[in-house]
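>>> What follows is a protein structure lacking sequence information:
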């Protein structure tokens with residue numbers, strides 16, 4: 001049943017052209033199948049595989065192109081860097097799908113979106129090498145965003161959270177981690193034998209939250225080594241990135257299907273990195289499009 005609440009203009013900002021505030025898309029731009037990438041330029045790489053393009057819209061770090069791939073309607077949108085941007089993009093995509101912009105009420109029939117984030121990541125295990133693909137079967141959020149929403153416990157793996165925090169002696173001044181599974185149907189469809197199904201940490205930053213020390217000292221310099229030795233159901237944490245947990249958590253709360261698959265571009269335990277990773281990412285994009 002649709003909610004009777006009228007969403008105030010201050011809560012959901014709609015631009016004068018009828019587009020939603022940050023991503024500048026109108027309801028007619030939305031597609032049910034959506035690829036998400038961090039880099040606005042990477043949207044062009046994804047769209048280069050499309051057979052047709054209907055629109056190309058940019059606003060800040062948010063760049064969207066919609067069209068068709070092998071007869072299927074599809075769109076790609078960039079979200080920039082970090083989980084705070086994911087919260088914005090997911091909220092506004094859901095608004096396009098499930099809120100009537102004229103009445104400002106939730107529509108009576110829910111529209112489910114299929115959301116696949118294609119990103120880059122750093123490996124925390126020796127057998128996950130540069131150029132490999134890893135699905136965030138479980139995403140561990142260090143950002144705390146989901147903790148601001150009601151019902152977060154209903155979509156999270158509470159046993160994993162408890163075990164992880166106990167093992168690494170999680171500092172109570174940091175945001176409480178949350179753990180969210182990827183959508184099983186999407187993982188089965190896209191995550192074939194050429195993709196490892198892993199436990200992915202979505203960090204709240206690139207440097208200290210991922211154990212990188214440049215000039216400032218780390219509060220817990222042993223956190224990464226504790227993460228590397230942690231096991232849940234006999235399996236290790238596989239990699240670091242920054243957006244998978246918020247994506248998968250917001251999607252579950254909003255009734256959508258989401259997953260993240262990343263290309264490994266850095267081997268953190270071997271202290272190796274490859275900055276010429278675009279061919280690997282291009283291969284991952286084409287693979288995901290073919291299976292979407």
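Here it is on my side, so go on. Everything numeric here is computed off the predicted structure, so don't read it as measured data. Numbers count the residues shown, from 1 in each chain.
>>> where along the stretch 151-292 of the chain do the strands fall?
Ranges of strands within the stretch 151-292 of the chain are 178-181, 195-202, 231-232, 235-241, 257-267, 272-273, based on DSSP state E, counting those that start in this stretch.
>>> Lowest mean pLDDT across those, which one is that?
Among these, strand 272-273 carries the lowest mean pLDDT, at a mean of 63.
>>> To residue 77, which of the strands of the stretch 151-292 of the chain lies closest?
Each of those was checked against residue 77 via CB to CB, and the shortest separation belongs to strand 257-267, namely 13.1 Å. For the C-beta atoms, the positions are set from N, CA and C on the backbone; glycine is no exception.
>>> tell me what the closest one is packed against?
Helices and strands touching strand 257-267, by 3 or more CB pairs under 8 Å, 6 or more residues apart in numbering; DSSP states H and E, are strand 114-123, strand 133-141, helix 184-190, strand 195-202, strand 235-241, helix 244-254, strand 272-273, helix 278-291.
>>> Need these in JSON lines (columns: distance to residue 157 and mean neighbour count).
Conversion of the helices and strands packed on strand 257-267 to JSON lines gives the following (distance: least, CB to CB, whole Å; neighbours: other CB atoms under 10 Å):
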{"stretch": "strand 114-123", "distance to residue 157": "19", "mean neighbour count": "25"}
{"stretch": "strand 133-141", "distance to residue 157": "7", "mean neighbour count": "26"}
{"stretch": "helix 184-190", "distance to residue 157": "13", "mean neighbour count": "16"}
{"stretch": "strand 195-202", "distance to residue 157": "10", "mean neighbour count": "25"}
{"stretch": "strand 235-241", "distance to residue 157": "13", "mean neighbour count": "22"}
{"stretch": "helix 244-254", "distance to residue 157": "11", "mean neighbour count": "27"}
{"stretch": "strand 272-273", "distance to residue 157": "30", "mean neighbour count": "12"}
{"stretch": "helix 278-291", "distance to residue 157": "25", "mean neighbour count": "16"}
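>>> Same list (the ones you listed) but as TSV, adding distance to residue 148.
As requested, the helices and strands packed on strand 257-267 are exported to TSV (distance: least, CB to CB, whole Å):
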stretch	distance to residue 148
strand 114-123	20
strand 133-141	12
helix 184-190	25
strand 195-202	16
strand 235-241	21
helix 244-254	11
strand 272-273	34
helix 278-291	30
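>>> Quick check: which of these is nearest to residue 175?
Ranking the helices and strands packed on strand 257-267 by distance to residue 175, with CB to CB as the measure, places strand 133-141 first at 8.2 Å.
>>> That closest one versus strand 114-123: what angle between them?
On the basis of axes from the mean of the first three to the mean of the last three CA atoms, to 10 degrees, strand 133-141 is oriented at 90 degrees to strand 114-123.
>>> and strand 133-141, what's its mean pLDDT?
When pLDDT is averaged over strand 133-141, the result is 97.
>>> Compare the helices and strands packed on strand 257-267 and report which one is nearest to residue 83.
With respect to residue 83, and counting by CB to CB, the nearest of the helices and strands packed on strand 257-267 is helix 244-254 at 3.8 Å.
>>> what separates the closest one from the chain centre, distance-wise?
In this view, helix 244-254 has its centroid 8 Å away from the chain centroid, taken as CA atoms, centre = their mean, to the nearest Å.
>>> Could I get the average pLDDT for that helix?
In this model, helix 244-254 has a mean pLDDT of 98.
>>> Just confirm residue 64 contacts residue 47, I think it does.
No. With the criterion set as CB atoms under 8 Å, residue 64 and residue 47 do not qualify as a contacting pair; they are 9.6 Å apart.
>>> neighbour count winner among these two?
Relative neighbour count places residue 64 above the other of residue 64 and residue 47, with 25 against 20, counting by other CB atoms under 10 Å.
>>> Which element, helix or strand, includes the more buried one?
With elements taken from DSSP states H and E, the one containing residue 64 is strand 62-69.
>>> tell me what the helix or strand just after that strand is packed against?
Scanning forward in sequence from strand 62-69 by DSSP H and E, the next helix or strand is strand 72-78. Packing contacts for strand 72-78, counted by 3+ CB pairs under 8 Å, 6+ apart, involve strand 33-37, helix 40-47, strand 62-69.
>>> Which of the ones you listed sits closest to residue 251?
When those are compared for distance to residue 251 using CB to CB, the nearest one is strand 33-37, at 10.4 Å.
>>> Each with direction, which strands does that closest one pair with?
Strand 33-37 has these partner strands in its sheet, going by DSSP bridges: strand 72-78 (parallel), strand 114-123 (parallel).
>>> Quick one: mean pLDDT for the last one?
Averaging pLDDT along strand 114-123 gives 94.
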